[in-house]
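*Asks:* Sequence plus predicted model, see below.
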Amino acid sequence: MAGQVKHKQIFSAIKPDWRLAKLLFSLTTRNTDSLLGAVAKVLAEEGITLENSTALLDPLLVKSGTLTRRAPTEQDLRTCVYGRAVGPPSLAQHDIGQTVVIAETACVAVEAMEGTDATIERAGRIMGSLHGDASTPESRRLLS
């Protein structure tokens, strides 16, 4: 499978066929893991085996180490350690925390249903309002 599952589509007013309706009604939770797992099970029943999504992408995946021109400072490393504690892998099973935005060892935003891009945009608005950036309506409201 390729692409992404957007939560708003899971909860949208789509008109599923009987097979999709049965699948959706069988889910105890409607998060990405349970939905993809159920789809994988249906495909397996049809003789279709899914491969690991990174099987052909290994050469393109980020390797461990510094990826920028400068190495992280001590403060940067403290922020990274804090961020890893805030967003442990256990959160991902609940479809939250795949993206955690940390600034100056403080949690600014944690991804939920809105997706990565929206989380980063929200964090930018929050940081802008904290630093007196009145360029957005939300920032102006928070500053007033």
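*Replies:* Thanks, I have it. Residues are numbered from 1 along each chain as shown.
*Asks:* what's the distance between the residue nearest the centre of the chain and T32?
*Replies:* Closest to where the C-alpha atoms of the chain average out (Cα atoms, centre = their mean) is Q98, at 3.7 Å. Look at Q98 and T32: by Cβ to Cβ, to the nearest Å, they are 9 Å apart. The way it works is simple: take the backbone N, C-alpha and C, and place the C-beta from them, glycine included.
*Asks:* what's the answer for R70, then?
*Replies:* 35 Å.
*Asks:* Leaving out sequence neighbours, find the closest residue to I120.
*Replies:* Nearest non-adjacent residue to I120, counting by Cβ to Cβ, 6 or more residues apart in numbering: V101, 6.4 Å away.
*Asks:* Surely the one you found is in contact with T116?
*Replies:* No: applying Cβ atoms under 8 Å as the test, V101 and T116 come out as separate, 9.9 Å apart.
*Asks:* who's more crowded, those two?
*Replies:* V101 (21 against 12; other Cβ atoms under 10 Å).
*Asks:* buried stuff in the helix or strand containing that one?
*Replies:* Here V101, judged by DSSP states H and E, is contained in strand 100-103. For strand 100-103, a neighbour-count test (16 or more other Cβ atoms under 10 Å) marks 100-102 as buried.
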